[in-house]
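K.L.:
Need coordinates for the following:
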Amino acid sequence: MPLRPIDTDVLEDVCDSVARENYGFIYITDNKNEVKTAYEQADTGPLSAGKLSTSDIRKGLSEIAGNDLTDFEQIRDGVFYIDQFGAVGNEEITNELTMVFSQKLVVTGERLRSVFSLAIDDLEFFVDELESRGYLRRIRAGQNDYYTIGPKLKERADDVGLDSQLAQDAVHGRISHSELESVIDVSATTDVIRYLEKEDLIIDLDGEYLVKSLLDEYAEFLANEIDEAVESELETANFILQSSEYSEIVKNEIRSRFDVLSHVRDIESELLDAVESAVADSLGVEFDRNMAIQTDEFEQHTTGEARRILNDVKAELDTEPGKLGEWVTAAEEHFEEVRVSNTSAVNDHIRSVIEERYREVVDEEEFGGMVL
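P.N.:
This is a model prediction of the structure:
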């Protein structure tokens, strides 16, 4: 023992500095020379010990750790820990973890132990500290635990995390099993996949995975695959369908090409809505009174039908009417003959539009645009 007592305030300051460089840990066996040199170079005053032995360091640190007012903690014999999450040192931990998770989605405990140069016996303590503060999330998988980025760390790290990593590696909103394994530090075991599904990050599509944050991107992909078939159906229907018919066509076209709807029960309606919207944008479909209408093509078709009816009416009349109303009356039977659907609402709608176009055509051709 030293003849004079150890200056615990100086020893605490010295060890705090050492701990900052070692992610909070002080290993007496490994750090004794560093602690001893720094202490002996410090100004301890004439009443305190100027020299320290290993046993002095051990005794002094045990005394500091026993004080409830300090952040020192003895986690096992010869190993002390100083909480770094209220100090500047936590930036180093943040940076290390950010680097780890920018490279892999999920990592093993061994990977973390290596990154932070921890003794095997101290890994569990350290990951508990990180998890309790939201820097890590633990994935329990049978006999093993894996780790991914926690919510607190994600707040501080741009573009780091499971969702952003999955988004970077996905194609058309999907990621293959092999690609998933390439961005995590472990095999994509059932436990890991189940965790990712539980966290609403992926949906298993049987061999590949839908990244849920990229649902719109996947919907765009599906829309590009089926829009020609939907366009053909619209053309057959004279570019007008009930909204429910349009939805059913989109659903059937997806089902005929992809085995996806059976895997996305929980978000099926959300996915279908997104695909319907994407197809509508691609084909210029708008919705009016529960009708799905391919607007440009529908306008051309109804204008063409109006001109056809006008020509038929002219061929039937010996004397052309002198008033717009008489032209409309003469065409009423032709309007009634228009049938493009088994649904009366669709037929009523297209008849109404053709009649409106007919009035415009008659006004333009017979009255020089002076009536309407």
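
K.L.:
from the chain's centre, how far out does the host helix or strand of T37 sit?
P.N.:
Secondary structure assignment for T37, by DSSP states H and E: helix 28-41. In terms of Cα atoms, centre = their mean, to the nearest Å, the centre of helix 28-41 is found 48 Å from the chain centre.

K.L.:
Of all the residues in stretch 324-331, which ones are buried?
P.N.:
L324, W327, V328, A330, A331 (16 or more other Cβ atoms under 10 Å). Every C-beta, even on glycine, is put in place using the N, C-alpha and C of the backbone.

K.L.:
In this model V313 seems to touch the second one, though I could be wrong.
P.N.:
Yes. Contact status for W327 versus V313: in contact at 7.0 Å, counting by Cβ atoms under 8 Å.

K.L.:
hey, what's in contact with both of those two?
P.N.:
Taking Cβ atoms under 8 Å, 6 or more residues apart in numbering as the contact criterion, no residue touches both W327 and V313.

K.L.:
Surely E320 is in contact with V362?
P.N.:
No. Under the criterion of Cβ under 8 Å, E320 makes no contact with V362, lying 10.1 Å away.

K.L.:
And for the residue sitting nearest the centre point of the chain, nearest residue in space, chain neighbours not counted?
P.N.:
Residue closest to the average C-alpha location in the chain (Cα atoms, centre = their mean): S213, at 2.4 Å. Distances taken as Cβ to Cβ, 6 or more residues apart in numbering put D163 closest to S213, at 5.0 Å, once the chain neighbours are dropped.

K.L.:
returning to what we had before: what does the next helix or strand after the helix holding T37 contact?
P.N.:
Using DSSP H and E, the helix or strand that directly follows helix 28-41 along the chain is helix 54-65. If you take Cβ under 8 Å, 6+ apart as the criterion, helix 54-65 is touched by 1-2, 6, 8, 11-12, 15, 26, 28, 32, 35-36, 49, 52, 70, 72-74, 78, 80.

K.L.:
buried set for stretch 203-220?
P.N.:
203, 205, 208-215, 217-220.

K.L.:
Ends of that stretch, what's the gap?
P.N.:
17 Å (Cα to Cα, to the nearest Å).

K.L.:
Mind giving me the packing neighbours of the helix or strand bottoming out on mean pLDDT in the chain?
P.N.:
Scoring the helices and strands of the chain by mean pLDDT, DSSP states H and E places helix 162-169 at the bottom, with a mean of 78. Helix 162-169 makes packing contacts with helix 177-182, strand 208-211 when contacts are defined by 3 or more Cβ pairs under 8 Å, 6 or more residues apart in numbering; DSSP states H and E.

K.L.:
which of the residues in the helix or strand immediately after the shortest one in the chain are buried?
P.N.:
Beyond strand 208-211 in the direction of the C-terminus, DSSP H and E gives the next helix or strand as helix 215-236. Of all the residues in helix 215-236, those buried under the rule 16+ other Cβ under 10 Å are 215, 217-223, 226-227, 229-231, 233-234.

K.L.:
Check stretch 12-29 too.
P.N.:
Residues of stretch 12-29 classed as buried by neighbour count (16+ other Cβ under 10 Å): 12, 14-16, 18-20, 22-28.

K.L.:
and of those, the nearest to D122?
P.N.:
F25 (6.7 Å; Cβ to Cβ).

K.L.:
I figured the closest one hits F72, correct?
P.N.:
No. Judged on Cβ under 8 Å, F25 makes no contact with F72 at a distance of 11.5 Å.

K.L.:
ok, back up a step: nearest to E91, of the buried residues of stretch 12-29?
P.N.:
Closest approach between those and E91, by Cβ to Cβ: R20, at 9.8 Å.

K.L.:
So what's the predicted local confidence for that closest one?
P.N.:
pLDDT, R20: 86.

K.L.:
same check, this time on T98
P.N.:
On pLDDT, T98 comes in at 87.

K.L.:
sec struct for it, please.
P.N.:
Secondary structure, DSSP: H, G, I helix; E, B strand; the rest coil: T98 is helix.

K.L.:
how much space is there between it and Y358?
P.N.:
Taking Cβ to Cβ, to the nearest Å as the measure, T98 falls 68 Å from Y358.

K.L.:
the more surrounded of these two?
P.N.:
Legend: neighbour count by other Cβ atoms under 10 Å for T98 and Y358, higher for Y358 (25 against 20).

K.L.:
give me every residue that touches that one.
P.N.:
A306, I309, L310, W327, V328, A331, F335.

K.L.:
F287 too?
P.N.:
F287 neighbours (Cβ under 8 Å, 6+ apart): S243, A280, I293.

K.L.:
Relative to K198, which of the residues you listed is nearest.
P.N.:
A280 (33.4 Å).

K.L.:
For R137, give me the backbone phi and psi.
P.N.:
Dihedral pair for R137: phi -130, psi 130, per degrees, to the nearest 10.

K.L.:
so where is the chain shaky, pLDDT-wise?
P.N.:
Counting by pLDDT under 70, the chain shows low-confidence ranges at 1-4, 45-50, 86-89, 141-142, 157-162, 185, 187-188, 371-372.

K.L.:
By residue count, which helix of it is the longest?
P.N.:
The longest helix of the chain (DSSP state H) is helix 344-367.

K.L.:
Just the buried positions in that one, please.
P.N.:
346-347, 349-351, 353-355, 357-359, 361-363, 366.

K.L.:
So which of the buried residues of stretch 324-331 belong to helices?
P.N.:
L324, W327, V328, A330.

K.L.:
show me what contacts the closest residue in space to D13 that isn't next to it in sequence?
P.N.:
Distances taken as Cβ to Cβ, 6+ apart place A42 nearest to D13, at 7.6 Å, with adjacent residues excluded. For A42, the contacting residues are D7, V10, D13, V14, by Cβ under 8 Å, 6+ apart.
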